[in-house]
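Engineer: prediction below, plus the sequence it came from.
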Amino acid sequence: METQSIEDNINNAESKVSPLGGDLEGAVVAIVGVGLIGGSMALALKEKGIAKKIIGVGRSAASIAKAIELGIIDEALPLEEAVKQADFIYVSIPVDATIPVMQQIMDMITDKQVVVDAGSTKAALCKALSGHPMRKQFVATHPMWGTEYSGPEAAVRGAFAGRACVICEKEKSNTAALLLVESIYKAVNMHIIYMDAANHDVHAAYVSHISHITSFALANTVLEKEKEEDAIFEMAGGGFESTVRLAKSNSAMWAPIFMQNKENVLDVLNEHISQLRKFKASLEKENMEYLIELMENANKIKRILK
């Protein structure tokens, strides 16, 4: 780790990392998980000049090699060595692996380092780390962006611009660490929302997790029908493609998210099933008025999604 750490410079963090860009005067960043989110964050940090060097950590030698080839990271190291060298550690791995890996990292860091996670669930992780003596050096975040693709090849330049980032339990993070993380997310042009971990998981179930389950289920429905009628996909247009796009998402990433947030996901799934039953009933009873009412009520989403 550099002699002059991030926190040595943190009093001037707002001038060094701002929505207009800047740098952290030679900071070394470790990205744990160099796939879609981690890779895109590495590209953003490079573009904004926020890091002098980016170290990648990953389980797959092929993914690490690809990340180096694509210029996403500068070098690859094992977790322990990467943490030793890094000022700022960004963890973006499947949520079922996040807790044990984060516990390892927290056991290794000093109060001169800052650790951030980017997972889609927060309550379990925040609870697991709540009593850790280095908890104040951790900032729990969820950048609200993603695609159906995975791996270093999926990393996108400018991915986070205009998107929201949720920060959870900000009061449990060191003020300097929180300021740094806020500044970095603002530098990559994200706006910040503050929530407690439990509320985050409820909201994520409604705006993210149910969308993926619905897409997976619809894809399975059509795939079952395709066994009987080969021409079905020849008829598929843009509406179908946009609706099932998320079904291409990585199951190894999404299954743990659903399981870790299962109570909230089940709540929203039950409500979704209830809504489907209303549409089914309106058709069975040939109730055109009720069918139109259901659709017009759904049209109110236009006020939110422009």
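Structural biologist: Alright, I've got the coordinates. What you see is a predicted model; the values in this text were computed from it and never measured.

Engineer: only C-alpha atoms for contact and neighbour calcs from this point on.
Structural biologist: Will do.

Engineer: just for the stretch 1-150 of the chain, where's the confidence low?
Structural biologist: Under the criterion pLDDT under 70, the flagged ranges of the stretch 1-150 of the chain are 1-25.

Engineer: mind listing the helices for it?
Structural biologist: Along the stretch 1-150 of the chain, the segments classed as helices by DSSP state H, counting those that start in this stretch run 13-16, 36-47, 61-69, 79-85, 95-108, 123-129.

Engineer: give the buried residues for the fourth one.
Structural biologist: By that I understand helix 79-85. In terms of neighbour count (16 or more other CA atoms under 10 Å), helix 79-85 has its buried residues at 79, 82-85.

Engineer: please apply the same query to the longest one.
Structural biologist: Residues of helix 95-108 classed as buried by neighbour count (16+ other CA under 10 Å): 95-96, 98-99, 101-102, 105-106.

Engineer: what is that helix packed up against?
Structural biologist: Contacts defined by 3 or more CA pairs under 8 Å, 6 or more residues apart in numbering; DSSP states H and E place helix 95-108 against helix 79-85, helix 123-129, helix 251-260.

Engineer: rerun that using 10 Å as the cut-off
Structural biologist: Helices and strands touching helix 95-108, by 3 or more CA pairs under 10 Å, 6 or more residues apart in numbering; DSSP states H and E, are strand 28-32, helix 79-85, strand 88-91, strand 114-117, helix 123-129, helix 251-260.

Engineer: same question, the last one
Structural biologist: The helices and strands touching helix 123-129, judged by 3+ CA pairs under 10 Å, 6+ apart, are helix 95-108, strand 138-143, helix 197-204, helix 251-260.

Engineer: pull the CA atoms of it into PDB?
Structural biologist: The C-alpha trace of helix 123-129 is given here as PDB (Å, rounded to 0.1, in the frame of the first residue of the first chain):
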ATOM      1  CA  ALA A 123     -29.300  -6.700   5.100                       C
ATOM      2  CA  ALA A 124     -27.400 -10.000   5.500                       C
ATOM      3  CA  LEU A 125     -24.000  -8.500   4.700                       C
ATOM      4  CA  CYS A 126     -24.500  -5.500   7.000                       C
ATOM      5  CA  LYS A 127     -25.600  -7.700   9.800                       C
ATOM      6  CA  ALA A 128     -22.600 -10.000   9.300                       C
ATOM      7  CA  LEU A 129     -20.200  -7.100   9.500                       C
END
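
Engineer: from the rest of the structure, what touches it?
Structural biologist: 95-96, 98-100, 102-103, 106, 117, 119, 130, 135-136, 138-140, 168-169, 172, 196-202, 260-261 (CA atoms under 10 Å, 6 or more residues apart in numbering).

Engineer: again, only using 8 Å
Structural biologist: 98-99, 103, 135, 140, 197-198, 200-201, 260 (CA atoms under 8 Å, 6 or more residues apart in numbering).

Engineer: now do the buried residues in it.
Structural biologist: For helix 123-129, by 16+ other CA under 10 Å, it's 123-126, 129.

Engineer: cool, and the second one?
Structural biologist: Of all the residues in helix 36-47, those buried under the rule 16+ other CA under 10 Å are 36-46.

Engineer: from those, pick the one nearest Thr147.
Structural biologist: Leu36 (7.8 Å; CA to CA).

Engineer: re the thing from before, which of the helices and strands packed on helix 95-108 sits closest to Val156?
Structural biologist: Once the helices and strands packed on helix 95-108 are compared by CA to CA, strand 28-32 is nearest, at 15.3 Å.

Engineer: give me the residues contacting the closest one.
Structural biologist: Contact with strand 28-32 is made by 1-2, 38-39, 42, 51-58, 79, 82-83, 85-93, as judged by CA under 8 Å, 6+ apart.

Engineer: kindly write the ChimeraX command that selects the buried subset of those.
Structural biologist: This is how ChimeraX selects the buried members of those, with burial counted by 16+ other CA under 10 Å:
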select :1,38,39,42,51,53,54,55,56,57,58,79,82,83,85,86,87,88,89,90,91,92,93
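
Engineer: now, which of the contacts of helix 123-129 sits nearest Arg303?
Structural biologist: Nearest to Arg303 among the contacts of helix 123-129, with distances taken as CA to CA, is His200, at 22.3 Å.
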